[in-house]
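J.: The sequence isn't on hand, but the structure is:
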């Protein structure tokens with residue numbers, strides 16, 4: 001895996017600059033805006049090959065910095081023949097490395113190299129079967145796939161005629177050219193497929209991607225948690241030297257893994273600060289103090305600042321403003337914590353790859369989904385240099401690193417928790433009373449899911465205190481009280497998620513207990529929206 005990214009800049013405004021991978025075969029995914037572009041990156045990494053994503057209009061210098069040994073072109077919502085449609089960067093074909101185009105990426109290759117792309121008579125969304133041609137049977141790209149093999153299609157255009165020198169490898173009922181390849185000539189092999197191998201609905205998709213990585217491109221599989229740790233530790237030591245590092249410990253998985261990684265790298269040069277914002281889950285502050293102070297034996301300083309954070313959030317309803325204020329207050333607390341420690345130039349935090357993507361940094365031109373606390377919520381005049389060792393990891397990769405570092409399961413498998421805490425699970429103003437109401441409801445939900453043995457099967461579960469009140473009947477009297485929403489999702493990395501099919505009897509117990517035990521709540525609703533179109537959190 002690549003060396004741990006460390007920010008050389010002195011302020012959050014300039015942002016951390018991550019060194020490119022060193023000594024690893026790297027695949028670059030060119031992103032054309034598909035919802036599944038991140039899945040391509042994940043699937044490549046799951047095969048043991050390091051991979052990063054660049055937007056389609058990234059510069060040649062950005063691509064060259066990653067020294068790619070292969071390119072994969074993602075799908076996208078546009079038509080390649082439409083005015084202003086995203087184009088193929090000239091450096092992709094000029095690099096002389098293997099290329100795989102997926103859906104829009106395939107059509108872009110076809111058009112660029114002399115093929116014909118047209119609107120299909122009927123669109124093809126959903127399951128399909130691809131039948132191999134004679135050339136497809138012999139192709140290394142389709143090796144070990146059944147014939148026909150099931151795939152997931154999502155396209156309104158198709159290729160009517162392949163470019164010169166390309167061979168048709170497979171066809172589906174609505175895509176006469178569902179796979180193509182050019183293997184002859186002086187240039188590196190180029191392949192295109194109309195379907196999406198990165199999604200779970202293409203059962204042999206991982207095999208096809210592995211065929212491209214190893215059978216076509218001949219890459220090395222050296223991306224692993226152990227390799228990442230070794231390089232990250234070396235990079236942290238090289239960057240930090242004899243200086244001290246402050247780590248903001250939230251109690252969540254990401255910051256715990258960062259703390260363990262830094263502790264391995266620099267030992268007692270690390271001080272962790274845990275801020276009790278008053279916005280944590282019930283019992284969370286006590287659990288963090290016990291676990292990280294005793295189990296991990298790390299220098300842990302606890303700052304009790306509930307009143308301070310609640311004062312900053314007084315009368316604030318906008319979720320982006322909540323994030324900005326909480327992020328600023330966190331840094332101010334950290335800065336004050338350093339006064340007793342002497343000079344501490346570095347601040348470490350558990351930023352992950354999805355945080356970067358959703359916060360729409362310059363690394364990916366995309367709509368801002370929300371400002372993540374540890375990405376867009378930091379003040380521009382921050383005095384620390386940022387260290388973000390997990391910046392290019394997905395959540396499941398961070399968990400694997402944590403396990404490799406010897407963290408206990410109760411830490412590694414702790415559910416994700418937002419940096420701003422319960423503030424973004426309370427719709428509208430945040431008050432001590434509303435926090436207490438949500439803490440009680442959330443604790444009941446977690447307790448019932450634990451009792452039902454569903455914790456590990458669910459990626460994330462929590463309660464939301466809505467800003468809606470509804471009429472109810474309790475004790476033969478009319479009530480007008482709060483509605484609580486409960487949410488539970490299944491996911492691998494948080495980039496996409498589906499709502500969890502919790503048994504009705506468990507949902508009933510959760511609802512009954514919340515309504516009967518939490519004052520001021522008379523209604524419970526269950527959120528059954530996937531991501532996308534929704535995000536996991538409500539704010």
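T.: Nice, thanks for sending it over. Worth saying up front: this structure is predicted, and the values here are computed from it rather than measured.
J.: so residue 471 sits in a strand?
T.: Yes. Counting by DSSP: H, G, I helix; E, B strand; the rest coil, residue 471 is found in a strand.
J.: Residue 479 versus that one, what's the distance?
T.: Relative to residue 479, residue 471 is positioned 7 Å away (C-beta to C-beta, to the nearest Å). Backbone N, C-alpha and C define where each C-beta goes, glycine included.
J.: of the two, who's got more company?
T.: Between residue 471 and residue 479, residue 479 has the larger neighbour count (other C-beta atoms under 10 Å), namely 17 against 10.
J.: For that one, which non-adjacent residue is closest in space?
T.: Closest residue to residue 479 apart from its sequence neighbours, by C-beta to C-beta, 6 or more residues apart in numbering: residue 472 at 4.3 Å.
J.: separation between that neighbour and residue 444?
T.: For residue 472 relative to residue 444 (C-beta to C-beta), the value is 18 Å.
J.: my guess is the residue nearest to residue 479 meets residue 522, correct?
T.: Yes. Residue 472 is within contact range of residue 522, at 3.4 Å (criterion: C-beta atoms under 8 Å).
J.: got any residues that touch both of these two?
T.: Common contact partners of residue 472 and residue 522 (C-beta atoms under 8 Å, 6 or more residues apart in numbering): 479, 481.
J.: So for those two, which residue has more residues nearby?
T.: residue 522 (20 against 15).
J.: show me where pLDDT drops low in the stretch 151-300 of the chain?
T.: 185-186, 251 (pLDDT under 70).
J.: show me where it has helices.
T.: Under the criterion DSSP state H, counting those that start in this stretch, the stretch 151-300 of the chain contains helices at 205-210, 225-240, 253-266, 284-290.
J.: list the buried ones in the shortest one?
T.: In this case it means helix 205-210. If you call a residue buried by 16 or more other C-beta atoms under 10 Å, then helix 205-210 has these buried ones: 205, 207-210.
J.: closest to residue 393 among these?
T.: residue 209 (19.2 Å; C-beta to C-beta).
J.: could you list every residue that touches that closest one?
T.: By C-beta under 8 Å, 6+ apart, the contact set of residue 209 is 40, 43-44, 47, 197-198.
J.: what's the spacing between it and residue 63?
T.: Counting by C-beta to C-beta, the gap from residue 209 to residue 63 is 20 Å.
J.: for residue 212, same thing?
T.: Distance, residue 212 to residue 63, using C-beta to C-beta: 18 Å.
J.: the more surrounded of the two?
T.: More crowded of residue 212 and residue 63, by other C-beta under 10 Å: residue 212, with 24 against 19.
J.: For the more buried one, which non-adjacent residue is spatially closest?
T.: Excluding its sequence neighbours, the residue lying closest to residue 212 (C-beta to C-beta, 6+ apart) is residue 100, at 5.0 Å.
J.: partner residues bridging the one you found?
T.: residue 72, residue 191 (DSSP bridges).
J.: wait, doesn't it sit right on residue 71?
T.: Yes. Residue 100 lies in contact with residue 71 (C-beta under 8 Å); the separation is 7.4 Å.
J.: Comparing these two, which residue is more hemmed in?
T.: Using other C-beta under 10 Å as the criterion, residue 100 and residue 71 rank with residue 100 on top: 29 against 26.
J.: could you measure the more buried one against residue 166, distance?
T.: Applying C-beta to C-beta, the value for residue 100 to residue 166 is 13 Å.
J.: any common contacting residues for those two?
T.: Between them, residue 100 and residue 166 share the contacting residues 190, 192, judged by C-beta under 8 Å, 6+ apart.
J.: which residue is nearest the centroid of the protein?
T.: For the chain, the residue sitting closest to the mean C-alpha position, by C-alpha atoms, centre = their mean, is residue 354 at 2.8 Å.
J.: chain center to stretch 192-206, what's the gap?
T.: Mean-position distance between stretch 192-206 and its chain equals 20 Å (C-alpha atoms, centre = their mean, to the nearest Å).
J.: Now do the buried residues in it.
T.: Residues of stretch 192-206 classed as buried: 192-199, 201-202, 204-205 (neighbour count, 16+ other C-beta under 10 Å).
J.: from these, which two are the most distant?
T.: The span of the buried residues of stretch 192-206, defined through C-beta to C-beta, is set by 192 and 201 at 19.4 Å.
J.: these two touch, right, residue 396 and residue 492?
T.: Yes. Between residue 396 and residue 492 there is a contact under C-beta under 8 Å: 5.5 Å.
J.: ok so, going back, any chance of the buried residues of helix 205-210 in TSV, plus distance to residue 89?
T.: Shown next, in TSV, are the buried residues of helix 205-210 (distance: C-beta to C-beta, whole Å):
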residue	distance to residue 89
205	25
207	28
208	24
209	21
210	25
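J.: Relative to residue 247, which of those is nearest.
T.: For the buried residues of helix 205-210, the residue nearest residue 247 by C-beta to C-beta is residue 209; the value is 35.6 Å.
J.: buried ones in the strand ranked longest in the chain?
T.: Secondary structure of the chain per DSSP state E: the longest strand is strand 116-132. Buried residues in strand 116-132, counted by 16+ other C-beta under 10 Å: 117, 124, 128-130, 132.
J.: Lowest-confidence member of those residues, which is it?
T.: Among the buried residues of strand 116-132, residue 124 has the lowest pLDDT, at 62.
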